[in-house]
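# Quick one: sequence plus predicted model below, questions after.
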Amino acid sequence: MVRALIRRVLGRQENDQSTPQLELPPTDSRDRARSMVMGLQDEICAGLEALDGEGRFQEESWVRPEGGGGRSRVMREGRVFEQGGVNFSEVQGNELPPSILKQRPEAKGHPWFATGTSMVLHPRNPYIPTVHLNYRYFEAGPVWWFGGGADLTPYYPFLDDARHFHRTHQQACNSVHPNLHKVFKPWCDEYFYLKHRNETRGVGGIFYDYQDSRGTLYKGQDPTGAAAKVSSELGATPLSWEQLFSLGQANGRAFLPSYAPIVEKRHATSYGDRERDFQLYRRGRYVEFNLVWDRGTIFGLQTNGRTESILMSLPPLVRWEYGYTAEAGSREALLTDLFTTPQDWLGDPSLEDRCRPHQAIN
């Protein structure tokens, strides 16, 4: 019935030259998307256990009364990771929540299906960044789309770490199409932005959403922003269902190569109370973003997802300090001044001059 409806919609689009045609997804699209994100969860968990060396993920499976379920895997008190979670979910229902319908009103009234994997890792050592990943697929009546991304949130600045993370995801995006990273990088800076603090959550990475075969790369909420400008300059970039599927797979598999070398380089760095206190203070920004701005958190709560799985992104320990200001000239000040504002990490050589006096390059 749903496939027949999609064909009727596509037939109408063929007679309307102003509307790009939406490709019909494969008949096994849901099974393939589910298998892809479950496979990413398995690969990432195995890689993280090997990286930590001591910690192991504990799994809980859950069922959603309205349809679907998932498996949550959480690691606590590992050698490297103080706490981290890697989730898989598959949910379905009859009406999408307002957070989605605001962006895709044409999906209103249609049964929907969503599957994805999400991950947040909070290392104990302040010199290792927190990291986040999410890749997902939606179908809702006549429409379908892919979304996802990954971003890095350091507590102490290292230019090489930011560049390595960005370069690895740039290569993964370029393996599908050279236009993608040009839009998805500034879109990430825009999305992971704390408006009430006037700062980014970290050094970014990539972010994309509502990607289908109609060719518009940027589908965010700031039509005057950098991502929208680049997308407009590049013009339509039509991508097939298969290409967008490959995009999620390529970037999901790029995660371990983008992050593991950073952990291996930083985990033995000694630290004291000053560094730990600053880490816990900056974790407060992570909490603020996830509870106030993050659409994934809002979607999960609005669709009656498993609360423990939704909120596993929060750190186990955090602190707030009224009116805190980093000491001028300190590494903490470099973090708050440079590493929480959008930068051209791969193309701006002047960043080296700003980081070198703080031993924040290698």
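Yep, it's here. Numbers count the residues shown, from 1 in each chain.
# which residue ranges form the strands in the stretch 151-300 of the chain?
Taking DSSP state E, counting those that start in this stretch to define them, one finds strands in the stretch 151-300 of the chain at 193-194, 199-200, 204-211.
# helix/strand/coil for residue 345?
When classified by DSSP: H, G, I helix; E, B strand; the rest coil, residue 345 comes out as coil.
# Around residue 35, how many other residues sit close by?
As a burial measure, residue 35 scores 12 neighbours (other Cβ atoms under 10 Å). Yep, even glycine has a C-beta here, placed from its N, CA and C like the rest.
# can you tell me which of the strands of the stretch 151-300 of the chain comes nearest to residue 139?
Using Cβ to Cβ as the measure, strand 204-211 is the one of the strands of the stretch 151-300 of the chain that comes nearest residue 139, at 12.6 Å.
# helices or strands next to that closest one in the packing?
For strand 204-211, the contact count by 3 or more Cβ pairs under 8 Å, 6 or more residues apart in numbering; DSSP states H and E identifies strand 143-153, helix 159-174, helix 180-191, helix 241-266 as packing neighbours.
# In CSV: the strands of the stretch 151-300 of the chain, plus mean neighbour count and distance to residue 289.
CSV is the format used below for these (neighbours: other Cβ atoms under 10 Å; distance: least, Cβ to Cβ, whole Å):
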stretch, mean neighbour count, distance to residue 289
strand 193-194, 18, 5
strand 199-200, 20, 9
strand 204-211, 25, 13
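# quick one: which of the ones you listed is nearest residue 310?
Per Cβ to Cβ, nearest to residue 310 of those: strand 204-211, 17.9 Å.
# Please enumerate residues in contact with the closest one?
Counting by Cβ atoms under 8 Å, 6 or more residues apart in numbering, the neighbours of strand 204-211 from elsewhere in the structure are 103-104, 145-152, 165-166, 169, 173, 180-181, 183-185, 187-192, 217, 219-220, 239, 244, 247, 251, 342.
# if you set the cut-off to 6 Å instead, what comes out?
Residues outside strand 204-211 that contact it (Cβ atoms under 6 Å, 6 or more residues apart in numbering): 145-147, 149-152, 169, 184-185, 187-189, 191, 219, 244.
# picking up where we left off before, could you dump the helices and strands packed on strand 204-211 to TSV with distance to residue 98 and mean neighbour count?
Conversion of the helices and strands packed on strand 204-211 to TSV gives the following (distance: least, Cβ to Cβ, whole Å; neighbours: other Cβ atoms under 10 Å):
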stretch	distance to residue 98	mean neighbour count
strand 143-153	17	23
helix 159-174	30	21
helix 180-191	18	25
helix 241-266	25	20
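# Select, out of the ones you listed, the one closest to residue 325.
If we rank these by Cβ to Cβ, the stretch that ends up nearest is strand 143-153, at 20.0 Å.
# Strand partners (parallel or antiparallel) of that closest one?
Looking at strand 143-153 with DSSP bridges, its partner strands are strand 130-140 (antiparallel), strand 204-211 (antiparallel).
# List just the one of the ones you listed that sits closest to residue 94.
Using Cβ to Cβ as the measure, strand 130-140 is the one of those that comes nearest residue 94, at 10.2 Å.
# Let's see that closest one as PDB, backbone CA atoms only.
C-alpha atoms of strand 130-140 as PDB (Å, rounded to 0.1, in the frame of the first residue of the first chain):
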ATOM      1  CA  THR A 130      34.300  13.600  24.000                       C
ATOM      2  CA  VAL A 131      32.900  12.400  20.700                       C
ATOM      3  CA  HIS A 132      29.500  11.800  19.200                       C
ATOM      4  CA  LEU A 133      28.100   9.900  16.200                       C
ATOM      5  CA  ASN A 134      24.700   9.300  14.800                       C
ATOM      6  CA  TYR A 135      23.500   7.700  11.500                       C
ATOM      7  CA  ARG A 136      19.900   7.200  10.700                       C
ATOM      8  CA  TYR A 137      17.200   6.400   8.000                       C
ATOM      9  CA  PHE A 138      13.600   7.500   7.900                       C
ATOM     10  CA  GLU A 139      10.600   6.500   5.700                       C
ATOM     11  CA  ALA A 140       7.300   8.200   6.100                       C
END
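# Return the distance of that strand from the chain's centre.
Strand 130-140 has its C-alpha centroid displaced from the chain centroid by 6 Å (Cα atoms, centre = their mean, to the nearest Å).
# Quick one: the helices in the stretch 201-350 of the chain, in order.
226-234, 241-266, 273-292, 295-302, 307-310, 331-338, 350-355 (DSSP state H, counting those that start in this stretch).
# could you redo those helices as TSV and give each row mean pLDDT?
Below are the helices of the stretch 201-350 of the chain laid out as TSV (pLDDT from 0 to 100):
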stretch	mean pLDDT
helix 226-234	98
helix 241-266	98
helix 273-292	92
helix 295-302	72
helix 307-310	72
helix 331-338	96
helix 350-355	97
